[in-house]
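*Asks:* Structural data only, the sequence is not supplied:
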């Protein structure tokens with residue numbers, strides 16, 4: 001695919017647009033949950049090492065890898081990565097034992113950190129469970145179907161082009177094509193565009209994805225027709241339109257990961273919003289919000305007020 005002509009922005013068919021409400025919901029969700037509960041097969045949880053009698057198992061390595069993964073060099077080979085993780089676990093157990101012997105875990109500061117970590121893990125676990133529960137086949141296809149309905153019926157053109165430096169070169173190419181030269185083969189030989197090796201194939205594109213001069217020429221041609229030389233900021237183009245169609249939505253499988261991410265975050269956001277609304281939250285660091293104005297108290301009747309008209313006299 002050429003990089004000379006396309007304007008900035010997503011390529012046709014590669015970006016799946018969610019509804020406006022979905023975009024707002026995602027933008028409003030400030031909590032990103034990345035932790036996932038590990039799953040280990042009991043029969044594969046081999047003991048790999050012992051430190052002062054405390055075991056390091058395969059499950060510990062997996063858990064540590066999930067936790068430390070982003071901080072490890074991406075280019076590290078798997079064997080070195082695994083060895084580093086096991087050594088980290090050995091160091092951790094040795095140092096943790098020494099800290100335990102010095103009663104460092106009894107301090108109030110340690111207990112606060114421990115309770116924070118416990119609550120964070122509980123939060124992440126609940127949100128992970130609710131996020132996964134939202135990933136049903138029906139829910140995923142509903143998001144897809146709703147988004148497809150919003151894709152405009154926009155025309156697309158599939159075209160090839162040959163890009164040269166001068167108008168004279170462009171005219172010479174047109175002359176060869178009129179004599180029966182194969183467009184794709186000529187593009188490979190003559191075009192200076194990076195896509196020349198593909199026979200000048202640009203794939204499908206919409207009008208706004210190309211520079212105006214190029215789009216105007218390409219969309220005015222019928223399939224199988226070849227343009228006269230077209231001048232743009234990149235040089236001189238000869239364009240051949242292969243086919244035209246209405247813009248097609250991406251296949252479900254191609255956008256399934258995006259849909260899953262959307263549904264997961266939507267469910268997690270709903271959980272947080274619901275639980276926060278139900279919680280009694282007191283912000284002691286902020287001025288108290290004024291209570292709602294009390295209902296007005298009826299004014300007392302005047303002492304010597306005249307009795308209501310037609311009122312019955314009191315019995316003696």
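*Replies:* Cool, the structure landed. None of these values were measured; they are calculated from a predicted model. Numbering: from 1, shown residues only.

*Asks:* Can you list the residue ranges for helices in the stretch 51-200 of the chain?
*Replies:* Taking DSSP state H, counting those that start in this stretch, the helices of the stretch 51-200 of the chain run over residues 58-68, 78-101, 108-133, 137-150, 167-178, 183-190.

*Asks:* Quick check: which helices or strands does the last one pack against?
*Replies:* Looking back up the chat, that one is helix 183-190. The contact analysis (3 or more C-beta pairs under 8 Å, 6 or more residues apart in numbering; DSSP states H and E) places helix 183-190 against strand 155-164, helix 167-178. (C-beta placed from N, C-alpha, C; glycine too.)

*Asks:* As a markdown table, those with distance to residue 243, mean neighbour count and mean pLDDT would be great.
*Replies:* A markdown table is the format used below for the helices and strands packed on helix 183-190 (distance: least, C-beta to C-beta, whole Å; neighbours: other C-beta atoms under 10 Å; pLDDT from 0 to 100):
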| stretch | distance to residue 243 | mean neighbour count | mean pLDDT |
| --- | --- | --- | --- |
| strand 155-164 | 5 | 23 | 97 |
| helix 167-178 | 18 | 15 | 97 |
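
*Asks:* Of the ones you listed, which is nearest residue 248?
*Replies:* strand 155-164 (7.7 Å; C-beta to C-beta).

*Asks:* Residue 216: which element?
*Replies:* For residue 216, the host element (DSSP states H and E) is helix 212-220.

*Asks:* And that helix, what does it pack against?
*Replies:* strand 155-164, strand 230-232, strand 235-246.

*Asks:* Tell me which residues of that helix come out buried.
*Replies:* Along helix 212-220, these residues count as buried under the neighbour rule (16 or more other C-beta atoms under 10 Å): 214, 215, 217, 218, 219.

*Asks:* what's the answer for stretch 88-102, then?
*Replies:* Residues of stretch 88-102 classed as buried by neighbour count (16+ other C-beta under 10 Å): 88, 89, 90, 93.

*Asks:* List of residues touching it?
*Replies:* Here stretch 88-102 makes contact (C-beta atoms under 8 Å, 6 or more residues apart in numbering) with 49, 51, 52, 54, 56, 60, 61, 64, 68, 105.

*Asks:* out of these, which are buried?
*Replies:* 51, 56, 60, 61, 64.

*Asks:* Can you tell me which of the residues you listed is nearest residue 185?
*Replies:* residue 61 (55.9 Å).

*Asks:* Could you quantify the relative orientation of the helix holding residue 216 and strand 155-164 as an angle?
*Replies:* 120 degrees (axes from the mean of the first three to the mean of the last three C-alpha atoms, to 10 degrees).

*Asks:* got the angle between helix 212-220 and strand 235-246?
*Replies:* 40 degrees.

*Asks:* Farthest-apart pair in the buried residues of stretch 88-102, please.
*Replies:* Based on C-beta to C-beta, the longest span within the buried residues of stretch 88-102 runs between 88 and 93 and measures 9.9 Å.

*Asks:* And stretch 283-291, how far out from the chain middle?
*Replies:* Chain-centre distance of stretch 283-291: 37 Å, with C-alpha atoms, centre = their mean, to the nearest Å.

*Asks:* Next: stretch 185-193.
*Replies:* Worked out by C-alpha atoms, centre = their mean, stretch 185-193 lies 38 Å from the chain centre.

*Asks:* Show me which residues of it are buried.
*Replies:* For stretch 185-193, by 16+ other C-beta under 10 Å, it's 186, 187, 190, 191, 193.

*Asks:* Contact partners for the second one?
*Replies:* Residue 187 makes contacts with 160, 161, 162, 193, 196, 199, 200, as judged by C-beta under 8 Å, 6+ apart.
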